[in-house]
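# no sequence on hand, only this structure:
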């Protein structure tokens, strides 16, 4: 058997040789090779004249008319080796067009990278079956939100010991359009960072109808930079309830697939984009995200929603005024008998004059704003206080309540109360004098 022929070519040669030896008829050859009688005769004559070459396709071993010049191929491979060695084929192709003006298909680049040992094909893993959830119909209807710890700045951002720092990237993606609506590098995914994120979001875009997030266990539980988030959902739910935003908790990473896939893409593309741009720290990273990466990403990957329109709701005037207290951490504390409040190793002394009546043992709300200022709230009133270094050991006799006026208040001489008192005394004296005259 001739080894340099394909199976189809070997079959043709064998059948035509049988025809030439009159072991088989023309009609039978036509059925076997799916050729007409005329085509069989022509092939028979070519084999008789040229031999084995007759069954080989005429374009075999010839360079295609669409062949890319070898110099371009070598240039592409060399560029990828120097600058894009860890890039995936599709991303490398985009960078070749963007930076070198070399326009070729990503499949061609993939083939060249495989030949050069720059890319290995991966077997698809068998995954568990999960039903598909359709996208929301409108932009702004639902935002998927999550955070991801990663060496976003590779080895260019280090701590004092020289160890590379993993930073948390918070991101939200619109469910209907796959548009990145906001991203921010933070130290962790704690309450303060999340509140900063969503305060910035609603001021810029308005209120989404739904926020879809997990319970913060999948990406923080084993990370050294993670903070205690046992009350994050409670604080976040309270803040979103004040803004009439629905919060939905996902119970698995797969449930919020769009944001999970986004982080997979970002850990590939964003890391390399920042490397090429020389971005080396979170501050410059946030500027790069806002001004360059997010607009570019959205132009490339955003899809058209089923229905037109933006359903983000604008903040009303009352919400705008209360935004600082909405996105603040709320804690409950009781008032001591000496009208002090202990909170996070600090003592706060309530002043004697307050906007409403305050009694010991009553519960107040301590609001810690994002600017770290502390506000003490009771019955929608903000109480007046001053910070003391430690709780006084000897306490003076204090009033049993605090009110909007001083309990030891002494009115001045010309006060109406005192005038009335003097008039009553004078009247009594006059009556006494008249009675003695009778």
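Sure thing, it's come through. Keep in mind that this is a model prediction, so the values were computed, not measured. Numbering: from 1, shown residues only.
# and residue 333, helix, strand or coil?
Look at residue 333: counting by DSSP: H, G, I helix; E, B strand; the rest coil, its state is strand.
# how confident was the prediction at it?
Listed pLDDT for residue 333 reads 96.
# who's it bridged to?
Beta bridges link residue 333 to residue 364 when assigned by DSSP bridges.
# whatever helix or strand residue 98 lives in: which residues count as buried?
Using DSSP states H and E, residue 98 maps to helix 89-100. By 16 or more other C-beta atoms under 10 Å, the buried positions in helix 89-100 come out as 89, 91, 92, 93, 94, 95, 96. No exception for glycine: its C-beta is placed from N, CA and C like everyone else's.
# now tabulate those in JSON lines and tack on distance to residue 380.
Output for the buried residues of helix 89-100, formatted as JSON lines (distance: C-beta to C-beta, whole Å):
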{"residue": "89", "distance to residue 380": "61"}
{"residue": "91", "distance to residue 380": "54"}
{"residue": "92", "distance to residue 380": "60"}
{"residue": "93", "distance to residue 380": "60"}
{"residue": "94", "distance to residue 380": "55"}
{"residue": "95", "distance to residue 380": "57"}
{"residue": "96", "distance to residue 380": "62"}
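# wait, which of these is closest to residue 117?
Distance ranking of those against residue 117, using C-beta to C-beta, places residue 89 first at 13.3 Å.
# now do the contacts for the closest one.
106, 107, 109, 110, 113, 119 (C-beta atoms under 8 Å, 6 or more residues apart in numbering).
# the nearest residue to it once chain neighbours are set aside and residue 287, how far apart?
Once flanking residues are discounted, residue 89 sits nearest to residue 110: 3.8 Å by C-beta to C-beta, 6 or more residues apart in numbering. Counting by C-beta to C-beta, to the nearest Å, the gap from residue 110 to residue 287 is 34 Å.
# pick out whichever of those two has more residues nearby.
residue 110 (18 against 11; other C-beta atoms under 10 Å).
# following the helix holding residue 98, which helix or strand comes up?
Assigned by DSSP H and E, the successor of helix 89-100 is helix 106-115.
# ok, residues contacting that following helix?
68, 73, 76-77, 80, 89-90, 92-93, 96, 119-121.
# can I get these in TSV including distance to residue 328 and pLDDT?
As requested, the contacts of helix 106-115 are exported to TSV (distance: C-beta to C-beta, whole Å; pLDDT from 0 to 100):
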residue	distance to residue 328	pLDDT
68	61	78
73	60	81
76	55	84
77	56	85
80	50	84
89	48	85
90	44	86
92	46	84
93	48	86
96	49	84
119	50	81
120	51	80
121	52	75
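# which residues in this structure form helices?
7-20, 26-33, 37-50, 70-83, 89-100, 106-115, 191-205, 232-242, 257-277, 282-288, 294-301, 317-321, 323-326, 416-437 (DSSP state H).
# where among those helices is average confidence lowest?
helix 416-437 (a mean of 63).
# about what we covered before: need the helices of the chain in TSV with distance to residue 403, can you?
Listed next are the helices of the chain as TSV, based on distance: least, C-beta to C-beta, whole Å:
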stretch	distance to residue 403
helix 7-20	101
helix 26-33	107
helix 37-50	110
helix 70-83	73
helix 89-100	68
helix 106-115	75
helix 191-205	35
helix 232-242	30
helix 257-277	52
helix 282-288	48
helix 294-301	54
helix 317-321	27
helix 323-326	24
helix 416-437	18
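# of those helices, which is nearest residue 373?
Of the helices of the chain, nearest to residue 373 by C-beta to C-beta is helix 323-326, at 9.0 Å.
# and the closest one, how far out from the chain's middle?
Distance of helix 323-326 from the chain centroid (C-alpha atoms, centre = their mean, to the nearest Å) equals 22 Å.
# give the buried residues for that helix.
323, 325, 326.
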